[in-house]
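[1] Sequence unavailable; structure follows:
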Ligand SMILES: Nc1ncnc2c1ncn2[C@@H]1O[C@H](COP(=O)(O)OP(=O)(O)OP(=O)(O)O)[C@@H](O)[C@H]1O
């Protein structure tokens, strides 16, 4: 219920569209029932007049029949038009709403979700919400309005007929939907979860195909996908079979109501309380009127699924970002030195702090490196500097301003990153470069690529800068991807540069070329490099060596070999002492 109220608030901007759509659906339904009833009355009255040899005014009933047919057709068209418009607007706004809440959660709070799961929420769960409007809310309101009117209409002919209609309407419009909802709740929830797991498993299977093939695990992955999809199909089949059953039951209710109505009304005709044309009219009327309640069992079955989808979406939307933006405007630093002062941080649910009491001052325009073995906390310091997480203790300042005083986007405007994991979007080289600066001219792009030493390669491609790089940049080598990252950083032209093992995994020659490109990029910028390799650090002004999140040594590059050797000795001693240490 709580979810329904929240959803209703989200749907509120589209209220006018929804009211119009519901009105159009109601008018269409009533026109259809009127058409059937009026046609029944008209045919019988004409037949009776023919037998009796009397004349009758057939203009008015013929006009009602024609008018109803026309309203029904126009109403159906209008209803589809308005409800589709409302649905598309609703989906678009729900997707934007969800994305707006998702964005501040990246990357810290989203690490527990698989991209397939998020995709599932953006697609299937939001689609399930649009079902809520068009397949649940509209039919429910239309049924409520029309059943009230139909019951009044029957009452005007005979209260007992109204009572008969009401019993069968309630049976089909309330009892069957409640049964259908109770049966559909668990499979509906499972379908939402399984669709997400299936999507995740398929994405993993496709993206990890090379690993799965090498380790002979494709069969296992296929079996997992098969198992999930069987469960999904079983639940969908159960819902479909329940749906078929309830539709049949609505049909039975409609036929029973007809029989009971005839049983009650024929004596009234005999006694003269009811004319024979009215009998035909009421018989066709009651049959046609069940169109109002027929969609309800399915609607209530979908309700379980829509609410499960809403819960999954609200689960993400209600997550608090790891870092909140401050209320006021961000400071405008005039210089860009970086200060880490006693910085400590633990990831949620982590056993030990990722970093402890880190101190590092990088004057503007100078270059510093943080060196340490894997897991020593280097990337954590980057994450803290980029405000993806907030430190538990100590402070980080840029140009003398606490970074907590900056809005996340404002802070990151001053920082460019080149990392070993450059993400390339499935788009052209040009689009991938423009991400750093959408305003950049072709001349600026080419200039950046020349400095990054990738222009000649791009210019030689048949489609040049319009070459498609493929999903995650599969059509470029690691070194080429890294140079694109350097060109991006040049285009961004930020005063602070973070380098995350930019030459990792490259051969010696490519590494040398890339270092030349990086050297141009670093000139005049405040640079912080993280690396686990002590080699090739001659160009930095200072080094901080980390070990398991703590400072091991600091100074110029000469401290690194000694510190690393000491660390190796400690590790060896720990290993010799056994696992208890
Ligand atoms: N998102 C996270 N959630 C929980 N723990 C994390 C997370 N990221 C890192 N850690 C933990 O924090 C510690 C420091 O990790 P960090 O990634 O900063 O190390 P690193 O020095 O950058 O390692 P590498 O060189 O392998 O990238 C490790 O023990 C790691 O397991």
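    Looks like it came in fine. All of these numbers come straight from a predicted model, not from anything done at the bench.
[2] Distance check, residue 452 against the ligand.
    Per CB to the nearest ligand atom, to the nearest Å, residue 452 is found 24 Å from the ligand. In short, each C-beta sits where N, CA and C put it, glycine included.
[3] For the stretch 101-250 of the chain, which residue gets nearest to the ligand?
    In the stretch 101-250 of the chain, the residue that lies nearest the ligand is residue 111 (5.1 Å; CB to the nearest ligand atom).
[4] number of nearby residues for residue 453?
    By other CB atoms under 10 Å, 19 other residues sit near residue 453.
[5] which bits of the stretch 101-250 of the chain sit near the ligand?
    Taking CB under 6 Å from any ligand atom as the criterion, the neighbours of the ligand within the stretch 101-250 of the chain are residue 111.
[6] make it 8 Å
    Applying CB under 8 Å from any ligand atom, we find that the stretch 101-250 of the chain lies next to the ligand at 108, 111.
[7] which residues in the stretch 101-250 of the chain form helices?
    Across the stretch 101-250 of the chain, reading from the start of the chain, the helices by DSSP state H, counting those that start in this stretch fall at 115-120, 126-131, 138-157, 159-170, 176-207, 209-214, 218-270.
[8] How many neighbouring residues does residue 5 have?
    Around residue 5 there are 8 other residues, counting by other CB under 10 Å.
[9] How about residue 160?
    The burial count assigned to residue 160 is 15, neighbours taken as other CB under 10 Å.
[10] and it, what is it in contact with?
    Contacts of residue 160 were listed using CB atoms under 8 Å, 6 or more residues apart in numbering, and they are residue 264.
[11] pLDDT score for it?
    We have a pLDDT of 95 for residue 160.
[12] and if you look at residue 469?
    Listed pLDDT for residue 469 reads 85.
[13] Relative to residue 500, how far out is it?
    If you measure residue 469 against residue 500 using CB to CB, to the nearest Å, the figure is 21 Å.
[14] So which residues on the chain come close to the ligand?
    108, 111, 347-350, 352, 354-355, 372-383, 500-501, 530, 532, 546, 548-549.
[15] where does the closest residue to the ligand within the stretch 451-581 of the chain land on pLDDT?
    With CB to the nearest ligand atom as the measure, residue 532 is the residue of the stretch 451-581 of the chain nearest to the ligand, at 4.8 Å. You'll see residue 532 listed with a pLDDT of 83.
[16] Likewise for the one 10 residues further on?
    Note for residue 542: predicted pLDDT of 93.
[17] Any idea what it is bridged to?
    Residues found in beta-bridge contact with residue 542 (criterion: DSSP bridges) are residue 368.
[18] tell me which element the closest residue to residue 72 other than its chain neighbours is part of?
    The shortest distance from residue 72 to any residue other than its chain neighbours is 4.1 Å, reached at residue 31 (CB to CB, 6 or more residues apart in numbering). Applying DSSP states H and E as the criterion places residue 31 in helix 15-52.
[19] from the chain's centre, how far out does that helix sit?
    Offset of helix 15-52 from its chain centre (CA atoms, centre = their mean, to the nearest Å): 43 Å.
[20] Report the buried residues of that helix.
    By 16 or more other CB atoms under 10 Å, the buried positions in helix 15-52 come out as 17-18, 20-45.
[21] Then stretch 388-395?
    Per 16+ other CB under 10 Å, stretch 388-395 contains these buried residues: 388, 389, 390, 391, 394.
[22] try stretch 109-117
    Along stretch 109-117, the positions that meet the burial threshold by neighbour count (16+ other CB under 10 Å) are 109, 110, 113, 114, 116, 117.
[23] Tell me, how many residues neighbour the closest residue to the third one other than its chain neighbours?
    Distances taken as CB to CB, 6+ apart place residue 316 nearest to residue 113, at 7.6 Å, with adjacent residues excluded. For residue 316, the number of neighbouring residues by other CB under 10 Å comes to 19.
[24] List the contacts of residue 316.
    The neighbours of residue 316, taking CB under 8 Å, 6+ apart as the test, are 98, 101, 102, 105, 113, 118, 121.
[25] Which secondary structure element is home to it?
    Using DSSP H and E, residue 316 maps to helix 296-317.
[26] can you pull the buried residues of that helix?
    Taking 16+ other CB under 10 Å as the neighbour-count basis, helix 296-317 is seen to contain the buried residues 296-310, 312-314, 316-317.
[27] is it true that residue 184 touches residue 239?
    Yes - at 5.8 Å, residue 184 counts as touching residue 239 under the criterion of CB atoms under 8 Å.
[28] Count residues in the vicinity of the residue of the stretch 451-581 of the chain closest to the ligand, would you?
    Residue neighbour count, defined by other CB under 10 Å, stands at 16 for residue 532.
[29] Residue 140 now?
    Per other CB under 10 Å, the neighbour tally for residue 140 reads 18.
[30] list the contacts for it?
    For residue 140, the contact set (CB under 8 Å, 6+ apart) comprises 296, 299.
[31] Spatially central, which residue of this structure would that be?
    Relative to the mean C-alpha position of the chain, the nearest C-alpha, by CA atoms, centre = their mean, is the one of residue 122, at 1.9 Å.
[32] Let me see the contact set for the residue nearest to residue 72.
    With CB under 8 Å, 6+ apart as the criterion, the residues that contact residue 31 are 68, 69, 71, 72, 75.
[33] For the stretch 401-550 of the chain, which segments are assigned as strands?
    Ranges of strands in the stretch 401-550 of the chain, per DSSP state E, counting those that start in this stretch, are 401-402, 415-419, 496-500, 526-531, 542-547, 550-555.
[34] Tell me which residues of the last one come out buried.
    Residues 550, 551, 552, 553, 554 are the ones in strand 550-555 that count as buried (16+ other CB under 10 Å).
[35] What are the structural domain limits within this structure?
    If the domains of the chain are taken from the TED database, they occupy 1-318, 338-577, with pieces of a single domain joined by a plus sign.
[36] Relative to residue 329, which of those domains is closest?
    Proximity to residue 329, assessed across the domains of the chain by CB to CB, is greatest for domain 338-577 (8.1 Å).
[37] The domains of the chain: lowest mean pLDDT?
    Looking at those, the lowest mean pLDDT belongs to domain 338-577 (a mean of 86).
[38] Quick one: residues contacting residue 22.
    Contacts here follow CB under 8 Å, 6+ apart; on that basis residue 22 touches 137, 138, 141, 142.
[39] between those residues, which has the most around it?
    Per-residue neighbour counts (other CB under 10 Å) across the contacts of residue 22 peak at residue 142, which has 26 neighbours.
[40] Verify the stated contact: it with residue 29.
    Yes - look at residue 142 against residue 29 with CB under 8 Å: they come within range, at 6.0 Å.
[41] what's the overlap in contacts for those two?
    residue 292.
[42] what's the helix or strand for residue 395?
    With elements delineated by DSSP H and E, residue 395 resides in strand 393-398, which encompasses its position.
[43] Could you report the neighbour count for residue 190?
    Neighbour count for residue 190, taken as other CB under 10 Å: 19.
[44] go on, the one 5 residues further on?
    Residues contacting residue 195 under the criterion other CB under 10 Å number 25.
[45] which residue ranges form the helices in the stretch 301-450 of the chain?
    Using DSSP H, counting those that start in this stretch, the helices of the stretch 301-450 of the chain run over residues 378-385, 408-412, 429-434, 442-451.
[46] quick one on the thing from earlier: from the buried residues of stretch 388-395, which single one is nearest the ligand?
    residue 389 (8.3 Å).
[47] I'd assumed residue 383 was in contact with that closest one.
    Yes - in this structure, residue 389 is within contact of residue 383 by CB under 8 Å, at 5.2 Å.
[48] anything in contact with each of the two?
    residue 108.
[49] From the buried residues of stretch 388-395, which land in strands?
    Among the buried residues of stretch 388-395, the members falling in strands are residue 394 (criterion: DSSP state E).
[50] Switch the buried residues of stretch 388-395 over to TSV; also include distance to residue 176.
    Putting the buried residues of stretch 388-395 into TSV (distance: CB to CB, whole Å) gives the following:
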residue	distance to residue 176
388	51
389	52
390	53
391	58
394	63
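[51] Now stretch 400-413: buried residues?
    When neighbours are counted by 16+ other CB under 10 Å, the buried residues of stretch 400-413 are found to be 401, 403, 404, 406, 407, 408, 410, 411, 412.
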